[in-house]
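Chemist: This is a predicted model, with the sequence first.
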Amino acid sequence: MSETNDISMMLGEIRGELKGINKRLDKVDSMDKRLRSVERKSAVNGAISGGAVSVGLFIISESVKAAFKTHGS
């Protein structure tokens, strides 16, 4: 009987540990979802700002070209 009780106690401890691990995994999953959302927003913001910078540089370069053309003539 003592051996059966020991095994039952060990199984109870294992079940408790597994429940704790499951709770931690649930927490990690929720953090992963939030992180994916932040990464997605960062990618969109990066694309928008990159596009704005390239348009701005195009406008500046065309302005400089136009200024040199008028002064060169």
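Modeler: Cool, the structure landed. Treat the numbers as computed from the prediction; the structure is a model and nothing was measured. Numbering: from 1, shown residues only.
Chemist: Next, find the distance separating residue 52 from residue 59.
Modeler: 11 Å (CB to CB, to the nearest Å). In this view, the C-beta of every residue, glycine as well, is placed from N, C-alpha and C.
Chemist: What is the burial count for residue 36?
Modeler: Using other CB atoms under 10 Å, residue 36 is surrounded by 10 other residues.
Chemist: And it, how far from residue 42?
Modeler: 11 Å.
Chemist: show me what contacts the residue nearest the centre of the chain?
Modeler: Against the mean C-alpha coordinate of the chain, by CA atoms, centre = their mean, the closest residue is residue 39 at 3.3 Å. Neighbour list for residue 39: empty [criterion: CB atoms under 8 Å, 6 or more residues apart in numbering].
Chemist: which SSE is it in?
Modeler: Using DSSP states H and E, residue 39 sits within helix 2-72.
Chemist: which stretches of the chain have low pLDDT?
Modeler: Along the chain, segments meeting pLDDT under 70 span 1, 71-73.
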